[in-house]
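[1] Requesting a structural model of the entry that follows:
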Amino acid sequence: MITSYPNTTLATQGEEKKMSCTAHGEKPIMVRWEKEERIINPETSRYLVTVKEVADEVISTLVIMPTVRGDSGFFSCHAINSFGEDRGIIQLTVQEPPDPPEVEIREVRDRTIALRWTMGFDGNSPITGYDIECKNKSASWLSAQVTKDVSPQLNQATIIDLHPSSTYNIRMVAKNIIGHSNPSNELTITTDEAAPDGPPQDVLLEPTSPQSIKVSWKPPPRHLQNGVIRGYQVGYREYSPGGNHQFTIISMDTTGDTMESVLLDNLKKFTQYSVVVQAANRAGTGPSSQQVVTKTLEDVPSRPPENVLAVAKSPEVISLSWMTLPREALNGNLQGYRVIYWANLPDGELGDIRNVTTVQPSLDLDYLEKYTNYSIQVLAFTRAGDGVRSEQIYVRTKEDVPGPPAGVKAAASTSSVVFVSWLPPLKLNGIIRKYIVFCSNLHPMVMSEFEASPDVYFYRIPNLARNRQYSIWVVAVTAAGHGNNSEKISVEPLAKAPARILTFNGTVTTPWMKDMVLPCKAVGDPPPTIKWLKGNTNGTPTPVLVDGRRSVHGNGSFIIRTVKAEDSGNYSCVASNNWGADEITLNLQVQVPPDQPRLTVTKTTTTSITLSWIPGDNGGSYILQYSEDNSEQWGSFPISPSERSYRLENLKCGTWYKFTLTAQNAVGPGRISEIIEAKTHGKEPQFAKEHELFTSVNTSRVRLNLVGWNNGGCPITSFVLEYRAVEGAPTWTTVQRTSLTKSYVLYDLLEATWYELQMRVTNSAGSAEKRVTFATLNPDGSTIPPLLKTGDPISDNMSGSGGLKMVVTITSVLVVAVLAFIMLMVLKRRRREQRLKRLRDAKSLAEMLMSKNTRTPDTVNKQQQTLRMHIDIPRAQLLIEERDTMETIDDRSTVLLTDNDFGETNKQKSSTVTHTVHYQSLSQATGPLVDVSDARPGTNPTARRTAKAGPTAARSRYTSQWTLNRPQPASSSHTLTTDWRLPTPRATASVDKESDSYSVSPSQDTGETTSYRIGLATLA
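    Numbers count the residues shown, from 1 in each chain. All right, here's what the predicted structure looks like:
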């Protein structure tokens, strides 16, 4: 028998568990272990059974290693010997950490997440608590926030202090005394958005024009956005004591860029504004940024300084003075005046353009070139930039002594004659009155002076001693005195003088299309020969081409007639004789007119247009021409060569203008630029629909609200108001103003009268009209009945000649229409008569057919007193009626259907017949009445009354058959064929008669039937 065993025992999952059972009895005793009636095989890997005998007892031990959840249950040990069997039952409970709970979302808000969960397997040990772990999705679980030891009695909890629009991972862990469960299912949850907690950052204001400010900012810090920023609200107002304290709000969608911006336009010039910005997401609008203040830009002065005076005080100083600008022309704070000046050089070129500034309305220009003509302009400037320049004035500095001649040459011509040549001074410093040539001989000391005219640059010195050295120099003279000496040249008269060229190397400039002479004065003994060469692109000079345009003069000069641009280049003159040779090079530059400038529009306002241009080559000064659109009158402005832009002021608002620019230099004007067009800001006036025109009306007076007129950005130049009574007042009462007031009152009106009112408001951009009618009130203050008909004020005001022309025109149109209608009716009547005849013939044939019926009178009287039968035939409906007497028969047919209506392909041409036939009183006992109406084969004629008319077109012939059964004795079938044909076929093709047969019998299905076949011919 089993003497000892545990009834219940506990084990921890994963650990080794031993259970012992002691049996007492006669040996041998065998002990067997079972788990829930399943024998345990001790040879398995997790089970081990050991047996120990002590005296007359056997101790059997079951070892489980390791234990698992499935080991929980009832184990039994069975002791067996030859006398019997006994067993003991042991309940094993394997304890383990619990299973994780099943977690789900209960509610999500912007800063909280509510959870609920379902408890899992407790691991055979009571749950002692739960831990809730929450982390940002991008973080690791090591940094998760843990809410520990949540009561095991709870099955829901709320996580608080979360961040809006953030994604979190949440999981739970259950606990018992054995340990912690594995983490639960992981939830990924995004909290709802909330209004931003922070304002936009780095709000910057940048004035971009006198009437606009660019506002830029960065989004709020990401952790304060609380969602996706979807837009911004920008508020602005004047920042001044007398300004509007209410913010004007502009809403805009976000661009998603790191820097957002918006342009505030139509602001006041040179005015301070404060600006705030708010960010908005789906949940709402966040806090405002701090106010940022800035001022719109100044505009440039709109007028030039006036009364500019210039006086030359010395060879290097010019004194200037002018009047100050009035404040209304400054458009800002005056920063100073700028004087622009440049030298106009004798060769037509311009000197360096310089400018100096001053805050005083006067200035001395110093360090100028002596005896030089200067162009001078003055402008005022603000922070916005330079204003309009004054017109050019010209002044020349005073004369001074000249500089030395730029070069001197001397060469022996014979044994007693020397030729001297020189170049004029680089600095003339005045008008050259003469040149003095000095010739000196040291042994003995003798110096001679020779005077030369100011336009002569050669001099012949005769009577010199042979083989003696002479020093020669030249001095220029102006009204201010003698200039400096040139360099001294040594020369010796020789009998065998080598060839020498007295002309200097240099550059020769000439306008194109002129005759040009390249000099080459050479001396020597014997006289030298002259040869001209021109440089090529390959660097090797070649003899010049002599033709009808090019020739070499006897004095050695090279003459080019009608100089062209391709004549430019280096020309070499080579002089040679038996004793030597000499060579000079002249660079010929042909001046051509300037190239076409490229003109563009850079800025427009309501009264000005600023133009800029890119100059072409060979530039000079400019002529700007402009004209209003659709006008042939052009205005022009001369513009100095230094300018690259020009602002035209005092233009008409809202008006299109055309512009051209022409450059000109010493040669002449160049090609005109392309015509460009630009429009000043503004448009024609308009009346806002949301404004009510009439503010008050009584019996004799009406007040008009003119605030609804928008000037379109251009000042109103004319306002014309006209009104008159609708009835009995042919003339208009006119009121004309040069400006528009907020309201206007019409006085002395008639009571209880309808009036016409028309207003015409004009500005430089155009005009707009508004026409209305109104009525004064009755004496008791009630309104009068509405107008039955409103005439056209324009037609009412039509001139006599115009009205007469209109009446004649309308009368002519009406006469033509009446004549056409009469002709149409006559033609229609003739066709109806023809169709009526054909229809009568068809009716007679049908009556003949019906009269052959062998019905008895009784049958007719009883069953066919008012028998109505319908037969649908192609494009016609046959209505057959029997009456004892018929007073009026109305036979109608409508326009036949086209092929499109039937959906058939065209086979033959046919004509469409439309007719209405009226019969006078006819007396008949029996017989059919044929009524040709709109019908299609296979349709119910009683359900169709009309069909749409189709144009005359090619149609197909259709065949269909209907039967009306009548109680008649058996009789043979008769066939009746009727031809329906127009007198003159309309189709160009031949017309064939075709017959369609139809079987007719009464619709009552009683007795015998008699069938009639009616054949109709459709027109091909």
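[2] tell me which residues in stretch 75-95 are buried?
    Of the residues in stretch 75-95, those scored as buried under the neighbour-count criterion (16 or more other C-beta atoms under 10 Å) are 75-81, 86-88, 90, 92, 94-95. Where you see a C-beta, it was placed from the backbone N, CA and C, and this is true even at glycine.
[3] One more: stretch 611-621?
    Judged by neighbour count using 16+ other C-beta under 10 Å, the buried positions of stretch 611-621 are Leu611, Trp613, Pro615, Gly616, Gly619, Gly620, Ser621.
[4] starting at the chain centroid, how far to it?
    Shown here is stretch 611-621, whose average C-alpha point lies 32 Å from the average C-alpha point of the whole chain (C-alpha atoms, centre = their mean, to the nearest Å).
[5] returning to that earlier point: helices - which of the buried residues of stretch 75-95 land there?
    Using DSSP state H, no member of the buried residues of stretch 75-95 falls within helices.
[6] Widest-spaced pair of the residues you listed?
    Of all pairs drawn from the buried residues of stretch 75-95, the one with the longest distance (C-beta to C-beta) is Asn81 and Gln95, at 36.1 Å.
[7] Low-confidence regions, this structure specifically.
    Under the criterion pLDDT under 70, the flagged ranges of the chain are 242-244, 347, 443-444, 789-807, 838-1020.
[8] Show me where it has its helices.
    Assigned by DSSP H, the helices in the chain fall at 222-225, 327-330, 793-796, 800-851, 857-863, 899-902.
[9] who's in contact with Val228?
    Shown in contact with Val228 (C-beta atoms under 8 Å, 6 or more residues apart in numbering): Ser165, Glu193, Asn281, Arg282.
[10] what's around the residue nearest to the first one when sequence neighbours are not counted, how many residues?
    In this case it means Ser165. With C-beta to C-beta, 6 or more residues apart in numbering as the criterion, Ser165 has its nearest non-adjacent residue at 4.0 Å, and that residue is Gly227. Here the number of neighbours of Gly227 (other C-beta atoms under 10 Å) works out to 22.
[11] Could you double-check that Gly227 sits in contact with Ala280?
    No: applying C-beta atoms under 8 Å as the test, Gly227 and Ala280 come out as separate, 9.6 Å apart.
[12] Mutual contacts of those two, please.
    Counting by C-beta under 8 Å, 6+ apart, the residues touching both Gly227 and Ala280 are Pro196.
[13] With distance to Glu399 as extra columns, can I get the buried residues of stretch 75-95 in a markdown table?
    A markdown table is the format used below for those (distance: C-beta to C-beta, whole Å):
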| residue | distance to Glu399 |
| --- | --- |
| Phe75 | 138 |
| Ser76 | 143 |
| Cys77 | 145 |
| His78 | 148 |
| Ala79 | 151 |
| Ile80 | 153 |
| Asn81 | 158 |
| Asp86 | 153 |
| Arg87 | 148 |
| Gly88 | 146 |
| Ile90 | 140 |
| Leu92 | 134 |
| Val94 | 127 |
| Gln95 | 125 |
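[14] check contacts around Leu330.
    Leu330 makes contact with Pro301, Ala380, Thr382, according to C-beta under 8 Å, 6+ apart.
[15] let's see it at 10 Å
    Residues touching Leu330, when contacts are defined by C-beta atoms under 10 Å, 6 or more residues apart in numbering, comprise Glu298, Asp299, Val300, Pro301, Ser302, Arg303, Thr324, Ala380, Phe381, Thr382, Ala384, Gly387.
[16] so Thr660 bridges to which residues?
    As for beta bridges, Thr660 partners with Gln625 under DSSP bridges.
[17] and the gap between it and Ala666?
    Thr660 sits 21 Å away from Ala666 when distances are taken as C-beta to C-beta, to the nearest Å.
[18] Of those two, which one has the most company?
    Higher neighbour count among Thr660 and Ala666: Thr660, with 18 against 13, using other C-beta under 10 Å.
[19] Now do that one against Tyr626, distance only.
    Remark: distance between Thr660 and Tyr626 (C-beta to C-beta) = 8 Å.
[20] Quick check: neighbours shared by those two?
    Counting by C-beta under 10 Å, 6+ apart, the common neighbours of Thr660 and Tyr626 are Trp634, Ser636.
[21] so Gln246 makes contact with Ser274?
    No: counting by C-beta atoms under 10 Å, no contact exists between Gln246 and Ser274, whose distance comes to 12.0 Å.
[22] Compare the two (neighbour count), which wins?
    Legend: neighbour count by other C-beta under 10 Å for Gln246 and Ser274, higher for Ser274 (19 against 8).
[23] and that one, what does it touch?
    By C-beta under 10 Å, 6+ apart, the residues touching Ser274 are 205, 235-240, 243, 245, 247, 290-294.
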